[in-house]
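Colleague: Next input, structure requested:
(one chain, ligands or ions: 2)
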Amino acid sequence: MKKIIAVLEGDGIGPEITAEGIKVLNAITKKYHHDFDVVYAPFGAGAFFSEGDPFPNRTKEVCDTADAIIKGPVGLAVEQMDRIPQEKRPEIAAILPLRRRYNTFINYRPVRLPKILASFSPLRPQVIGAGIDIMMIRELVGGSYFGEKTEGQLTRMEYSIDECKYSNEEVRQVAHAAFDEARRRKVPLTNVHKANVLATGRFWKAIVEDVAKEYPDIEYRSILVDNAAFQLMINPRQFNGVMLLENMQGDILTDQAGGILGSLGLMPSACIGPEKGYVEPAHGSAPDIAGKNCANPYSMIGSVAFLFDKCFGLQDEANDIWNALFTVFGQGYRTVEFVVPSTPKNKILSTSAFGNLVVSIIT
Ligand code: IPM
Ligand code: MN
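Modeller: Ligands and ions are numbered 1, 2, ... in the order given. Okay, here's the model as predicted:
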């Protein structure tokens, strides 16, 4: 059956890493005899300047008719971003509306560093040990991101409010997704919370513990978010398995986990709702290196693997891509951010060379 994939390349390095993702998508499509139609549409800061809206109506229409969406990072250099009025900034007027539109409440952010790539990490090899394999699951459409906002400026700078609200159903549905993932992987689940201070933290913990009763086969534990931040640096391997986080805490700790990997270029992600989802690298648009063919496309190619796995339930296709990605690094190839003085020149990869290698391993 023909599937439609909307492609929002975004800004900065978006188009060049997306091109590599699409190369891989095409290679897999051919190998496994799928039928995909790819439709490009503008999204992000560039779309604001060209169309007056970072999430134009025609892009919404393309996304509405698509079965899944591939999204690149958004954002331009500071001088350009400063020319965008607050209410049209891509975070507020494009990314959050995209999440809301498709109710993408589950955000998968895998943190994988096999032992042989321990040198990528700023942490000592003993800390990486046998390897890191954490599936972070962040709630993506609730909490303070989507609560009512009272802006200081409008109230003469006297105060401002970000309402943080979670309903029983909102916590329950993402908790189910996280326990289901733990069951599929046969791994423990760590629930992150701030129950010692926040009402929403106590509520979150209570609901997740209620859901845990339905999964007696899954080893469960909970941890305060501040302690989790500390422990992620001291001994990240204790979290191997699934980690469940609310929206804001998940935003922060997933970036910290990217630090363990040594580069946000190694952070693909999938944002999944009841009907459809989108996949995206969890990093920014790096305008300073845009157009130089030196960005690491791993996050985007990994996001395409996620598209097969989480949007279409096609695990073989996804595994084929993951294997190719790790094979490239396993053969000693390095994208520029991982180059050290001992890296042989012929092992240094440009953005497009990385994509080509992945494709040659797949086909
Ligand atoms: C992320 C980003 C977004 C977030 C921003 C760009 C709105 O940091 O996806 O992690 O805060 O969720
Ligand atoms: Mn973030």
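
Colleague: heading toward the C-terminus, what's the first helix or strand past the helix-or-strand element of the chain with minimal mean pLDDT?
Modeller: For the chain, counting by mean pLDDT, DSSP states H and E, strand 149-150 ranks last in confidence among helices and strands (a mean of 89). Remark: after strand 149-150, the chain's next helix or strand is strand 161-162, criterion DSSP states H and E.

Colleague: Can that next one be said to contact ligand 1?
Modeller: No - counting by Cβ under 6 Å from any ligand atom, ligand 1 has no neighbours in strand 161-162; the shortest distance is 12.8 Å. Any C-beta I mention is one placed from the backbone N, CA and C, and that applies to glycine too.

Colleague: ditto for stretch 99-115
Modeller: No - Stretch 99-115 lies out of reach of ligand 1 by Cβ under 6 Å from any ligand atom, never closer than 7.6 Å.

Colleague: Can you give me the end-to-end span of that stretch?
Modeller: Terminal residues of stretch 99-115 are spaced 35 Å apart (Cα to Cα, to the nearest Å).

Colleague: in it, what's buried?
Modeller: Residues of stretch 99-115 classed as buried: 99, 101-113 (neighbour count, 16 or more other Cβ atoms under 10 Å).

Colleague: and the two most separated of the residues you listed?
Modeller: Between any two of the buried residues of stretch 99-115, the greatest separation by Cβ to Cβ is 33.5 Å, found for 101 and 113.

Colleague: helix, strand or coil for residue 310?
Modeller: helix (DSSP: H, G, I helix; E, B strand; the rest coil).

Colleague: pLDDT at the residue in the stretch 151-300 of the chain that ligand 1 sits nearest to, what is it?
Modeller: Residue nearest to ligand 1 within the stretch 151-300 of the chain: residue 251 (4.5 Å; Cβ to the nearest ligand atom). Note for residue 251: predicted pLDDT of 97.

Colleague: what ranges do the strands span in the stretch 151-300 of the chain?
Modeller: 161-162, 189-193, 220-224, 241-245, 268-272, 277-281 (DSSP state E, counting those that start in this stretch).

Colleague: strand partners of the shortest one, parallel vs antiparallel please.
Modeller: It refers to strand 161-162. Next to strand 161-162 in the sheet, as set by DSSP bridges, lie strand 149-150 (antiparallel).

Colleague: And the residue in the chain positioned nearest to ligand 1, its phi and psi?
Modeller: Closest residue of the chain to ligand 1, Cβ to the nearest ligand atom: residue 91 (3.9 Å). When read as degrees, to the nearest 10, the backbone of residue 91 gives phi -60, psi -50.

Colleague: what number of residues lie near the nearest residue to residue 116 once chain neighbours are set aside?
Modeller: Using Cβ to Cβ, 6 or more residues apart in numbering and skipping the chain neighbours, the partner closest in space to residue 116 is residue 330 (6.2 Å). Neighbours of residue 330 under the rule other Cβ atoms under 10 Å: 12.

Colleague: quick one on the thing from earlier: pLDDT value on the residue of the chain closest to ligand 1, please?
Modeller: 96.

Colleague: Look up how far residue 179 lies from it.
Modeller: According to Cβ to Cβ, to the nearest Å, residue 91 stands 30 Å off from residue 179.

Colleague: Among those two, which residue is more densely surrounded?
Modeller: residue 179 (23 against 14).

Colleague: what residue ranges in the stretch 101-250 of the chain are flagged as low confidence?
Modeller: Within the stretch 101-250 of the chain, the stretches with pLDDT under 70 are 153-156.

Colleague: where exactly do the helices run in it?
Modeller: Using DSSP state H, counting those that start in this stretch, the helices of the stretch 101-250 of the chain run over 125-128, 168-185, 199-212, 225-234, 247-261.

Colleague: Report the buried residues of the third one.
Modeller: Burial within helix 199-212, assessed by neighbour count using 16+ other Cβ under 10 Å, is assigned to 200-201, 203-205, 207-208, 211-212.

Colleague: Tell me which residues are up against it.
Modeller: Helix 199-212 has contacts (Cβ atoms under 8 Å, 6 or more residues apart in numbering) with 143, 164-166, 168, 171-172, 175-176, 179, 189, 191, 193-195, 218, 220, 222, 244, 246.

Colleague: tell me the centre residue of this structure?
Modeller: Nearest to the mean C-alpha position of the chain, by Cα atoms, centre = their mean, lies residue 269 at 2.6 Å.

Colleague: who's in contact with that one?
Modeller: Going by Cβ under 8 Å, 6+ apart, the list of residues near residue 269 reads 107-110, 279-282, 299, 303, 306.

Colleague: Could you export those as CSV, including distance to residue 35?
Modeller: As requested, the contacts of residue 269 are exported to CSV (distance: Cβ to Cβ, whole Å):
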residue, distance to residue 35
107, 28
108, 25
109, 30
110, 28
279, 19
280, 24
281, 26
282, 29
299, 26
303, 21
306, 20
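
Colleague: Among these, pick out the one closest to residue 232, please.
Modeller: Using Cβ to Cβ, residue 109 is the member of the contacts of residue 269 that lies nearest residue 232, at 13.0 Å.

Colleague: doesn't residue 139 make contact with that closest one?
Modeller: No - Residue 109 lies out of contact with residue 139 (Cβ atoms under 8 Å); the separation is 11.9 Å.

Colleague: if I look at those two, which residues touch both of them?
Modeller: Common neighbours of residue 109 and residue 139, counting by Cβ under 8 Å, 6+ apart, are residue 250.

Colleague: how about stretch 286-301 as PDB, C-alpha atoms only?
Modeller: Extracted C-alpha coordinates of stretch 286-301, given in PDB (Å, rounded to 0.1, in the frame of the first residue of the first chain):
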ATOM      1  CA  ALA A 286      23.600  24.500  13.900                       C
ATOM      2  CA  PRO A 287      23.400  27.500  11.600                       C
ATOM      3  CA  ASP A 288      27.200  28.100  12.000                       C
ATOM      4  CA  ILE A 289      28.100  24.900  10.100                       C
ATOM      5  CA  ALA A 290      25.100  24.900   7.700                       C
ATOM      6  CA  GLY A 291      25.900  24.300   4.000                       C
ATOM      7  CA  LYS A 292      29.400  23.000   4.800                       C
ATOM      8  CA  ASN A 293      28.700  19.300   4.300                       C
ATOM      9  CA  CYS A 294      30.200  18.500   7.700                       C
ATOM     10  CA  ALA A 295      27.200  18.000   9.900                       C
ATOM     11  CA  ASN A 296      26.700  14.500  11.300                       C
ATOM     12  CA  PRO A 297      23.600  13.000   9.700                       C
ATOM     13  CA  TYR A 298      23.400  10.100  12.200                       C
ATOM     14  CA  SER A 299      20.500  11.700  14.100                       C
ATOM     15  CA  MET A 300      18.500  12.100  10.900                       C
ATOM     16  CA  ILE A 301      19.200   8.700   9.500                       C
END
